[in-house]
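*Asks:* Model the structure of this input:
(2 chains)
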Amino acid sequence: MNEQYTTAAPLLQINDLCKRYPNMGNYMSVFHMNLTIPRGRIIGLLGPNGCGKTTLIKMINGLLAPTSGAVYINGLFPGAESKRVISYLPERTYLENGMKVRQMIDYFADFYEDFSKEKAYSMLESLGISPEARLKTLSKGTKEKVQLILVMSRNAELYILDEPIAGVDPAARDYILRTIITNYNPNSTIILSTHLISDIESVLDDVIFMKNGSLMLYTSVDAIRSQQNKSVDAYFREVYAC
Amino acid sequence: MLGKLMKYEWRGLRLPLLIMLGILGASTLLTCLLIFTINPRFDNVATGFSVMGLVLSILLYYFGIIGCSVGTMLIIAIRFYKTTYTDEGYLTHTLPVETKTLLAAKTITAVLCYLLMLLGVVATLFIIIGAIYTHVCNISAYEGVYFDQQLGEMLAELSDGFRREYGISFGGFVAFYAIFMVVACISAIMTVLGCVSLGQLYTKHRIIGAIIAYFAVMSVQQFISYLAMLPTYSRMLRAEAMAETIPMFEIISPTMILSLLWAVAVSVIMHIVNLHMMTKRLNLE
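*Replies:* Got it, this is the predicted structure:
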């Protein structure tokens, strides 16, 4: 079923992708989406609540089956091989509460060949999180930091971060953004979904605007600044003005 | 990857399983203590207490094994639901493994845990029988009869009687029944896991959906089991009408074989259902 891997294939390709929820009155969350994402970019996936960002991310990660259309990662359908190259941070806390931070690091090291324990322990130390702490004893914000550390300690080809800075304090936001930039590998791409545009604008190369499940705009941050004479945040507010 | 997945599944299940085995062990110990409190002389003064003690011990043991078996099944179902369809599912389903490997790891570990619980139940059964036997020996010794000296003869007689009555050796019957139990255990686990997955079709009430699916599947299974009993009934009626003496195993074996085949079929169907739900119908909230 899977197509053969070719280095010439784009990192992420989305062809005429649709997702309909039959139990929600046939609501189309993603509507005939076409997108090609190259390597080596930091991309902001932006849009108002309910525009289909998370649905799109879930389909890329194989957590949701599309109604029609297809997603290709390195020319492959979402599956075991594509999950090997994607490092995904969901908007939810997926860690098993009964485990210790150290055990979660071992877990990631066991399953992901590209996971660096050294990098993870170094980031934990920087944020003052004890590896011996049990996850159920940590606050929601600290758990989110642990999740981000686990995700960013991989040397993946595609990082998909769904609302990575939503639940943390401003000081930690700076650290997280620094972490993202520090771990940035020219051959990998980062897709960042967030509402907090002003916080991340400085690190973005490109932006994707989504509206009502469709792709509205896919352009570079420089193009917005030069053509619109506005910051991405200001342009976003103008485009999505209620 | 299967081994790694099973390792983490086992880590998640081992503590609650150990608690269940602990409860089973405690109820067995209490039952043994109650058995030993029964007056060996069984005289008139103590008879009331002895009978009460016997009934209490049987009830305690009965509820102990039922509670622990159901509890273990619930633990398996809850872990499967949590790690597959709730927030933890985000981690499970983004691991670089095939869905079939993921499901195999969960199923094999769950079956092994349940078999471990069943082995625990069998072991406690031997302990209870041992306690009763020891105690009966004490009573008989009090009466001047030494049962333990006649044990070999009794077992030989039991084995011959079993072959005469059932048409199969005692060892053969135990082996057949053991295979039957293992297959039934796999089928029961697959049914529970399959129903948890089917419950996900009711996106707003996933747990209630799973419970409804379980009762629906069990009703169908009960009906099929009833159909599987028909050859036995028919054989018994025929034997009675023709005044034949047929060994019991010959009468019940068609039903047991049909039940065995049905259990295998259920396991396969539920495995397909699970795979379908975890790939084509996966819809994490």
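*Asks:* Any residues of chain A in contact with chain B? List them.
*Replies:* Taking Cβ under 8 Å from any Cβ of the partner chain as the test, the list of chain A residues beside chain B reads A:23, A:58, A:61-65, A:79-81, A:83-84, A:86, A:88, A:90, A:92-96, A:98, A:107, A:110-112. Every residue, glycine included, has its C-beta placed from N, CA and C.
*Asks:* Mind checking which of those are buried?
*Replies:* For these, burial is judged from neighbour counts taken by 16 or more other Cβ atoms under 10 Å in any protein chain shown, and it is met by A:58, A:61-64, A:79-81, A:83-84, A:86, A:88, A:90, A:92-96, A:107, A:111-112.
*Asks:* Inside helices: which ones of the residues you listed?
*Replies:* Applying DSSP state H to these, the entries found in helices are A:58, A:80, A:81, A:83, A:84, A:107, A:111.
*Asks:* In contact with residue B:127: list those residues for me.
*Replies:* Contact criterion Cβ atoms under 8 Å, 6 or more residues apart in numbering or on different chains gives B:28, B:32 as the residues in contact with residue B:127.
*Asks:* for it, phi and psi?
*Replies:* When quoted as degrees, to the nearest 10, the phi and psi of residue B:127 stand at phi -60, psi -40.
*Asks:* Does anything pack onto the helix or strand bottoming out on mean pLDDT in chain A? Which helices or strands?
*Replies:* Per-element confidence for chain A was summarised using mean pLDDT, DSSP states H and E. The lowest value among helices and strands belongs to helix A:170-182, with a mean of 78. In terms of contacts (3 or more Cβ pairs under 8 Å, 6 or more residues apart in numbering or on different chains; DSSP states H and E), helix A:170-182 is packed against helix A:140-152, helix A:197-200.
*Asks:* so how far is the helix or strand that it is followed by from its chain's centroid?
*Replies:* Scanning the chain past helix A:170-182 towards its C-terminal end, the next helix or strand to appear is strand A:189-193 (assignment: DSSP states H and E). Put simply, strand A:189-193 sits 5 Å off its chain's centre (Cα atoms, centre = their mean, to the nearest Å).
*Asks:* before we move on, what about stretch B:51-62?
*Replies:* Distance of stretch B:51-62 from its chain centroid, counting by Cα atoms, centre = their mean, is 21 Å.
*Asks:* Identify the residues contacting residue 176.
*Replies:* No chain specified, so I'll use chain A. Shown in contact with residue A:176 (Cβ under 8 Å, 6+ apart): A:145, A:148, A:164, A:165, A:168.
*Asks:* Sorry, I should have been clearer: chain B.
*Replies:* Contacts for residue B:176 were tallied using Cβ under 8 Å, 6+ apart; they are B:168, B:256.
*Asks:* Can you give me the separation between it and residue B:259?
*Replies:* In this structure, residue B:176 lies at 12 Å from residue B:259, with Cβ to Cβ, to the nearest Å as the measure.
*Asks:* so after the lowest-mean-pLDDT helix or strand in chain B, what's the next helix or strand?
*Replies:* Among the helical and strand segments of chain B, the one scoring lowest on mean pLDDT, DSSP H and E is helix B:151-166, with a mean of 74. Scanning forward in sequence from helix B:151-166 by DSSP H and E, the next helix or strand is helix B:170-198.
*Asks:* Double-check that residue A:72 belongs to a helix.
*Replies:* No - under DSSP: H, G, I helix; E, B strand; the rest coil, residue A:72 sits outside any helix and is assigned strand.
*Asks:* Could you list everything it pairs with in the sheet?
*Replies:* Following DSSP bridges, residue A:72 is listed with bridge partners residue A:13.
*Asks:* Mind pulling the model confidence for it?
*Replies:* Residue A:72 is assigned a predicted lDDT (pLDDT) of 93.
*Asks:* With residue B:41 instead?
*Replies:* Note on residue B:41: pLDDT of 60.
*Asks:* who in the stretch 101-250 of chain B is up against chain A?
*Replies:* For the stretch 101-250 of chain B, the residues found near chain A under the criterion Cβ under 8 Å from any Cβ are B:101, B:203, B:204.
*Asks:* Restricted to helices, list these.
*Replies:* Secondary structure assignment (DSSP H) places residue B:101 from those within helices.
*Asks:* The residues of the stretch 101-250 of chain B next to chain A into JSON lines, with extra columns for distance to residue A:119?
*Replies:* As requested, those are arranged in JSON lines below (distance: Cβ to Cβ, whole Å):
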{"residue": "B:101", "distance to residue A:119": "27"}
{"residue": "B:203", "distance to residue A:119": "38"}
{"residue": "B:204", "distance to residue A:119": "41"}
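*Asks:* can you put the residues of the stretch 101-250 of chain B next to chain A in TSV and add pLDDT, distance to residue B:211 and neighbour count?
*Replies:* Formatted as TSV, these follow (pLDDT from 0 to 100; distance: Cβ to Cβ, whole Å; neighbours: other Cβ atoms under 10 Å in any protein chain shown):
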residue	pLDDT	distance to residue B:211	neighbour count
B:101	95	28	15
B:203	79	15	14
B:204	80	14	8
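*Asks:* Quickly check the ones in helices among the buried ones among the residues of chain A next to chain B for the two that are furthest apart.
*Replies:* Across those, the longest distance by Cβ to Cβ is 21.6 Å; it joins A:58 and A:107.
*Asks:* Leaving out chain neighbours, which residue sits closest to residue 187?
*Replies:* Because you didn't say which chain, this covers chain A. Of all residues not flanking residue A:187 in the chain, residue A:39 sits nearest, at 5.5 Å (Cβ to Cβ, 6 or more residues apart in numbering or on different chains).
*Asks:* Hmm, no, I was thinking of chain B.
*Replies:* The shortest distance from residue B:187 to any non-neighbouring residue, by Cβ to Cβ, 6+ apart, is to residue B:263 (3.8 Å).
*Asks:* Show the pLDDT at the one you found.
*Replies:* Residue B:263 is assigned a pLDDT of 89 by the prediction.
*Asks:* Surely it and residue B:183 touch.
*Replies:* Yes - the pair formed by residue B:263 and residue B:183 meets the contact definition of Cβ atoms under 8 Å, at 4.8 Å.
*Asks:* residue contacts, residue B:4?
*Replies:* Residues in contact with residue B:4 (Cβ under 8 Å, 6+ apart) are A:110, A:111.
*Asks:* what helix or strand does it sit in?
*Replies:* In the assignment (DSSP H and E), residue B:4 maps to helix B:2-37.
*Asks:* ditto for residue A:32
*Replies:* With secondary structure defined by DSSP H and E, residue A:32 is part of strand A:27-37.
*Asks:* What pairs with that strand, parallel or antiparallel?
*Replies:* The strands that strand A:27-37 pairs with in its sheet are strand A:12-21 (antiparallel) (by DSSP bridges).
*Asks:* May I have the partner strand exported as CSV, CA atoms only?
*Replies:* Output in CSV follows, covering the C-alpha atoms of strand A:12-21 (Å, rounded to 0.1, in the frame of the first residue of the first chain):
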residue,chain,number,x,y,z
LEU,A,12,4.7,16.6,3.7
GLN,A,13,2.2,16.5,0.9
ILE,A,14,-1.6,16.9,1.4
ASN,A,15,-3.8,16.1,-1.6
ASP,A,16,-7.5,17.1,-1.6
LEU,A,17,-7.9,16.2,2.0
CYS,A,18,-11.3,16.3,3.6
LYS,A,19,-12.6,15.3,7.0
ARG,A,20,-16.3,15.1,7.7
TYR,A,21,-17.9,14.3,11.1
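*Asks:* Tell me what angle it forms with strand A:189-193.
*Replies:* 30 degrees (axes from the mean of the first three to the mean of the last three Cα atoms, to 10 degrees).
*Asks:* Please identify the buried residues of strand A:12-21?
*Replies:* Per 16+ other Cβ under 10 Å, strand A:12-21 contains these buried residues: A:12, A:13, A:14, A:17, A:18, A:19, A:20.
*Asks:* Which helix or which strand is home to the residue nearest in space to the middle of chain B?
*Replies:* Nearest to the mean C-alpha position of chain B, by Cα atoms, centre = their mean, lies residue B:118 at 5.6 Å. Element membership for residue B:118 (DSSP H and E) is helix B:99-142.
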